[in-house]
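> let's see this in three dimensions:
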Amino acid sequence: MVDCILCKVLSGEFDGSFVYRGETCSALLDISPMSKGHTLVVPNLHVARVSDLDPKLGEEMFSVATKISKAMYRWDPKMTAANLFLNDGSDAGQEIAHLHIHIVPRYPSDGIRFTHRAGETTERGELDLIAQQIANQL
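Okay, the predicted model is just below:
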């Protein structure tokens, strides 16, 4: 895609600090990291959303993310945890319309906080109905 910054990094038009280069996906350091080592796992071809993702490519991306996460623990013994997440769509916080999995190394007292605003508890009947409606679309 012409205006996609990640496509430009993958093509070499823009610089990137790569952790991994594979046939179908790659991993590079985030230029604005939440913590040292913050890595993005991206498909090599432009894919904007999870709904556009081939399941085999999704498997490969998660496999690479797992390998990189393990390598991070060996790289920095002070790392005690990691957040892996994917923002799918601008309303979910996706700032670049090229799918990517974030791997954020975590450290004691690093000050990074992910919050979840819990809603009201939903009755089982409503949950079952929603689950069935989504399942019907599979």
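
> would you map the helices across the chain?
Here the chain has its helices, by DSSP state H, at 5-11, 55-75, 124-135.

> who's in contact with the longest one?
To tie it back to what came earlier, the one meant is helix 55-75. 19-20, 22, 24-25, 27, 37, 39, 41-43, 47, 50, 79, 82, 84, 101, 103, 105 (C-beta atoms under 8 Å, 6 or more residues apart in numbering). Quick note: C-beta positions are derived from backbone N, CA and C, even for glycine.

> ok, back up a step: could you save the helices of the chain as TSV and add columns showing distance to A92 and mean neighbour count?
Converted to TSV, the helices of the chain look like this (distance: least, C-beta to C-beta, whole Å; neighbours: other C-beta atoms under 10 Å):
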stretch	distance to A92	mean neighbour count
helix 5-11	17	18
helix 55-75	17	15
helix 124-135	17	9
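
> so which of those helices gets nearest I31?
Proximity to I31 (C-beta to C-beta) singles out helix 5-11 among the helices of the chain, at 8.9 Å.

> tell me the centre residue of the chain?
I101 (1.4 Å; C-alpha atoms, centre = their mean).

> and the nearest residue to V64 once chain neighbours are set aside, what are its bridge partners?
Nearest non-adjacent residue to V64, counting by C-beta to C-beta, 6 or more residues apart in numbering: V41, 5.2 Å away. On the basis of DSSP bridges, V41 is bridged to A27, I101.

> what distance do you get for the most far-flung residue of the chain relative to its centre to P105?
Distance from the C-alpha centroid of the chain peaks at G125, with 32.6 Å (C-alpha atoms, centre = their mean). Between G125 and P105 the computed distance is 42 Å (C-beta to C-beta, to the nearest Å).

> same question for I112.
Using C-beta to C-beta, I112 is found at 10 Å from P105.

> for the residue nearest to D30 when sequence neighbours are not counted, what are its contacts?
In this structure, D30 finds its nearest non-sequential neighbour in H38, 4.3 Å apart by C-beta to C-beta, 6+ apart. H38 sits next to 29-30, 102-105 when contact means C-beta under 8 Å, 6+ apart.
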